[in-house]
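Novice: Sequence plus predicted model, see below.
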Amino acid sequence: MPQNYDYIIVGAGSAGCVLANRLSADPAVSVLLLEAGPRDWNPFIHMPAGLAKLMLFKSINWAYETEPEPALNNRRLYWPRGRVLGGSSSINAMCYSRGHRSDYDDWAALGNPGWGWEDVLPYFKRSEDQARGPSDLHGVGGPLSVSDLSFSNPLTDVFIQAAEQAGFARNRDFNGPTQRGFGLYQVTQRNGRRCSTAVGYLKPARPRPNLTVITGAMTLGLTFAGQDRVTGLRYQRRGRVHSVRARREVLLAAGAINSPQLLMLSGIGPAPMLENAGVEVRHELPAVGDNLQDHLDICTLTRCSQPVTYDQLSELRVGLRYFLHHEGEGTSNIAEGGGFLVSGRGRDDRPDIQMHFVPALLDDHGRNRLPGDGYTLHACPLRPESRGHLALRSADPRAPLAIHANYLSEANDLELMLDCVRLSRDILNQPAFKPFRAHEIYPGNEVTSRDGLINFIRNKAETIYHPVGTCRMGSDPHAVVDPELKVRGIENLRVIDASIMPTLVGGNTNAPTIMIAEKAADMILGQAQSSPQTNPAEAA
């Protein structure tokens with residue numbers, strides 16, 4: 001006989017751990033949380049600087065690849081996604097960034113009432129335990145610790161000085177009254193350790209007898225009563241197939257790739273694609289897997305003339321200092337500083353380019369170790385116009401989807417990428433860097449023509465890990481979920497993760513995903529957070 005739970009959550013990542021905590025807070029409600037990956041035992045997860053190693057562990061990473069990208073010289077791009085308790089919040093760079101307030105007002109204007117800035121701010125604040133204390137824009141006492149870096153490389157300060165020399169303002173809080181400017185990122189850390197959603201949300205909820213967490217569980221597909229009512233799902237663990245039933249709802253929180261895949265495997269999606277993959281069509285929903293968006297990133301790498309970067313550090317010394325005292329370089333998130341700036345190409349005056357500075361040489365996601373010392377400046381356009389899609393190849397749940405990111409298919413995206421290189425070079429060529437600057441590695445000092453820079457972008461641009469949009473939220477008949485995140489035409493099923501974003505936010509996506517889950521938990525429970533009494537302005 002199948003086991004029964006009130007709620008079944010698929011995916012213990014940035015959204016799933018939030019849902020597990022909030023829904024199981026009622027002892028009368030039973031919750032099952034399923035995760036395909038293992039527990040977050042790996043010590044490099046909890047050591048912030050350990051993220052440089054996490055790319056190597058396939059056991060905690062889905063390690064996806066795109067299909068050959070036409071505008072990127074037919075390269076297959078590497079897409080790491082968390083496959084472990086905490087999901088991508090257990091392997092990301094921990095930068096706490098919400099995006100711009102207008103991003104959420106755009107969501108509301110696109111037919112999503114209740115998702116404007118004034119509606120979502122209370123959920124950002126509820127999730128947050130801000131080390132600097134409470135304010136109109138920040139909360140304290142929440143499960144997600146947000147703190148200042150306890151250690152940063154001196155070169156990161158040089159980078160911020162160089163940005164000021166280039167004419168950009170200094171900004172102490174990218175989530176404050178203004179997003180524009182340069183400074184140090186705040187990070188999701190607690191006492192020098194990573195604060196993933198597994199740590200912040202799931203760990204305190206684990207002792208609850210009404211919460212069951214099962215790792216190593218690959219969800220195979222949803223189960224139904226009739227054509228359109230979800231009753232539960234099947235999953236495989238250690239070679240055995242199990243069936244579980246949901247008395248109330250199944251909640252897909254498996255991310256922008258896996259949530260649409262589960263819908264498709266269950267017969268919900270574009271009919272021709274499902275039929276070609278050998279899946280019986282249960283409910284045609286053509287937009288499942290469509291509307292794929294991601295931040296494409298280009299890195300400018302410079303050789304450093306002094307041994308002050310993280311490239312030549314003794315891993316043993318750093319590890320001992322960290323594990324004994326939780327201090328030093330081991331507490332760094334590596335992408336310590338950055339900024340938000342306006343290219344002048346956008347439709348308004350909000351920042352449309354984001355930068356991350358790394359005081360080390362970072363090539364091919366850190367998988368290609370370059371010799372010597374150097375520093376890397378990441379830059380990405382924040383609101384790409386290009387749209388991709390996901391395609392189901394097979395009825396086998398273990399077969400990955402075909403990822404067609406379709407990068408740079410819109411001409412303006414390429415122009416913004418060229419702006420990213422130009423602005424990066426401008427900052428790195430400022431006087432503050434003169435004592436440390438040897439020569440440019442990528443794109444190389446000799447690459448100055450438009451054609452040469454375009455070729456550099458096509459050869460070296462990579463994801464900065466922000467795929468969203470593949471189960472788009474909206475009020476129109478083409479949306480996958482409605483503004484309450486219920487799958488259209490299907491009962492007892494919601495999608496709650498980054499896949500529901502109608503458009504990319506202008507920043508990192510982990511904090512917004514956590515907010516989405518906080519708000520969804522209230523919608524499920526029939527509650528609502530009151531809007532703040534003040535009217536905070538987060539301008540350009």
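Specialist: Yes, it's here.
Novice: Can you classify C380 by secondary structure?
Specialist: The assignment at C380 comes out as strand when based on DSSP: H, G, I helix; E, B strand; the rest coil.
Novice: What residues are bridge-paired with it?
Specialist: Following DSSP bridges, C380 is listed with bridge partners Q354.
Novice: Now for it, how many residues are close by?
Specialist: Here the neighbour count serves as a burial measure; for C380 (other CB atoms under 10 Å) it reads 24. The way it works is simple: take the backbone N, C-alpha and C, and place the C-beta from them, glycine included.
Novice: Enumerate every residue touching it.
Specialist: Counting by CB atoms under 8 Å, 6 or more residues apart in numbering, C380 makes contact with H295, L296, D297, I298, I353, Q354, C420, I464.
Novice: Also R238?
Specialist: Contact analysis of R238 by CB under 8 Å, 6+ apart lists G216.
Novice: Which phi and psi values does it adopt?
Specialist: phi 50, psi 40 (degrees, to the nearest 10).
Novice: Could you report the distance from it to Y5?
Specialist: When distance is defined by CB to CB, to the nearest Å, R238 is 20 Å away from Y5.
Novice: From the contacts of C380, which land in helices?
Specialist: Counting by DSSP state H, the part of the contacts of C380 found in helices is C420.
Novice: between the contacts of C380, which is closest to R81?
Specialist: Here the nearest of these to R81, counting by CB to CB, is I464; it sits at 13.0 Å.
Novice: So for the closest one, what's the nearest residue that isn't a sequence neighbour?
Specialist: If the residues on either side of it in the chain are set aside, I464 comes closest to D297, at 3.8 Å by CB to CB, 6 or more residues apart in numbering.
Novice: related to what we said a few turns ago, just the buried ones among the contacts of C380, please.
Specialist: Neighbour counting with 16 or more other CB atoms under 10 Å marks H295, L296, D297, I298, I353, Q354, C420, I464 as buried within these.
Novice: quick one: low-confidence ranges for the stretch 401-540 of the chain?
Specialist: In the predicted model of the stretch 401-540 of the chain, residues 528-540 satisfy pLDDT under 70.
Novice: again but with the chain, I slipped
Specialist: Looking at the chain by pLDDT under 70, you get 1-2, 346, 528-540.
Novice: switch the cut-off to 90
Specialist: Filtered on pLDDT under 90, the chain yields the residue ranges 1-2, 51-58, 226-227, 312-320, 323-328, 344-349, 365-369, 527-540.
Novice: and P371, how many neighbours?
Specialist: There are 9 residues near P371, going by other CB under 10 Å.
Novice: same check, this time on G141
Specialist: Using other CB under 10 Å, G141 has 10 other residues around it.
Novice: what's the answer for R303, then?
Specialist: The number of residues packed near R303 is 18, by other CB under 10 Å.
Novice: which residues touch it?
Specialist: Listed by CB under 8 Å, 6+ apart, the contact set of R303 reads G372, D373, G374, R437, A438, H439, E440, I441.
Novice: could these be laid out in a markdown table, adding secondary structure and neighbour count?
Specialist: Shown next, in a markdown table, are the contacts of R303 (DSSP: H, G, I helix; E, B strand; the rest coil; neighbours: other CB atoms under 10 Å):
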| residue | secondary structure | neighbour count |
| --- | --- | --- |
| G372 | coil | 13 |
| D373 | coil | 22 |
| G374 | strand | 27 |
| R437 | strand | 21 |
| A438 | strand | 13 |
| H439 | strand | 10 |
| E440 | strand | 18 |
| I441 | strand | 19 |
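Novice: Just the closest of those residues to Y78, please.
Specialist: I441 (20.0 Å).
Novice: pretty sure that closest one contacts L301?
Specialist: Yes. Assessed by CB atoms under 8 Å, I441 is found in contact with L301 at 4.2 Å.
Novice: who touches both of the two?
Specialist: In terms of CB under 8 Å, 6+ apart, I441 and L301 are both contacted by the residues L361, L370, G374.
Novice: Tell me the secondary structure at the second one.
Specialist: The three-state label for L370, taken from three-state DSSP, comes out as coil.
Novice: How about it, nearest residue that isn't a chain neighbour?
Specialist: Here the residue nearest L370, using CB to CB, 6+ apart, is L361, at 4.4 Å.
Novice: Now do the same contact list for the one you found.
Specialist: Residues touching L361, when contacts are defined by CB under 8 Å, 6+ apart, comprise L301, T309, D311, R369, L370, G372, D373, G374, Y375, T376, I441.
Novice: Kindly indicate whether the second one is helix, strand or coil.
Specialist: T309 falls in the coil class when you classify it by three-state DSSP.
Novice: Now for the closest residue to it other than its chain neighbours: which residues touch it?
Specialist: Closest residue to T309 in three dimensions, ignoring its sequence neighbours and counting by CB to CB, 6+ apart: D373, at 4.4 Å. Under the criterion of CB under 8 Å, 6+ apart, the neighbours of D373 are R303, C304, Q306, P307, V308, T309, D311, Q312, L361.
Novice: Go again with 10 Å.
Specialist: D373 makes contacts with 155, 302-312, 359-361, 436, 438, as judged by CB atoms under 10 Å, 6 or more residues apart in numbering.
Novice: and the longest strand along the chain, which strands flank it?
Specialist: Ranked by residue count, the top strand of the chain under DSSP state E comes out as strand 240-252. Sheet neighbours of strand 240-252, with direction, are listed as strand 3-10 (parallel), strand 229-237 (antiparallel), strand 493-495 (parallel) (DSSP bridges).
Novice: Any chance of the backbone angles for S127?
Specialist: The phi and psi values for S127, taken as degrees, to the nearest 10, are phi -70, psi -20.
Novice: do you know how far V213 is from P27?
Specialist: 16 Å.
Novice: To clarify, my last question referred to M501.
Specialist: If you measure M501 against P27 using CB to CB, the figure is 33 Å.
Novice: just I353 next, same as before
Specialist: Using CB to CB, we find I353 at a distance of 48 Å from P27.
Novice: Kindly report the same for V120.
Specialist: As defined by CB to CB, V120 lies at a distance of 28 Å from P27.
Novice: the strands in the stretch 351-500 of the chain, which residues?
Specialist: Secondary structure of the stretch 351-500 of the chain (DSSP state E, counting those that start in this stretch): strands located at 353-358, 374-381, 389-391, 402-404, 437-442, 462-463, 493-495.
Novice: ok, and what's touching the third one?
Specialist: For strand 389-391, contacts defined as CB under 10 Å, 6+ apart pick out 67, 256-257, 260-261, 264, 269-270, 273, 276-277, 287-292, 400-406, 467, 469-470, 499.
Novice: Throw together a ChimeraX command that grabs the buried residues out of the residues you listed.
Specialist: To isolate in ChimeraX the members of these that are buried, counting by 16+ other CB under 10 Å, one can use:
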select :67,256,257,260,261,264,269,270,273,277,287,288,289,290,291,292,400,401,402,403,404,405,406,467,469,470,499
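Novice: Filter the contacts of strand 389-391 down to just the ones in helices.
Specialist: A256, I257, P260, Q261, M264, M273, N276.
Novice: ok so, going back, compare neighbour counts for M501 and P27 and give me the winner.
Specialist: When M501 is set against P27 and neighbours are counted by other CB under 10 Å, the residue ahead is M501, at 27 against 10.
Novice: and the closest residue to the more buried one other than its chain neighbours, what does it touch?
Specialist: Counting by CB to CB, 6+ apart, M501 lies nearest to V468, which is 4.2 Å off, once chain neighbours are set aside. The neighbourhood of V468, defined by CB under 10 Å, 6+ apart, consists of 255-256, 291-295, 497-505, 509, 512-513.
Novice: Next: I91.
Specialist: Contacts were defined as CB under 10 Å, 6+ apart; by that measure I91 touches 40, 42, 44-45, 50-51, 53-55, 57, 60-61, 80-84, 194, 196, 465.
Novice: cool, and P48?
Specialist: Going by CB under 10 Å, 6+ apart, the list of residues near P48 reads 93-94, 149-151, 187-189, 192-195, 322, 326, 329-334.
Novice: now the strands for the stretch 1-150 of the chain?
Specialist: Under the criterion DSSP E, counting those that start in this stretch, the stretch 1-150 of the chain carries strands at the ranges 3-10, 31-34, 64-65, 78-79, 128-130, 144-146.
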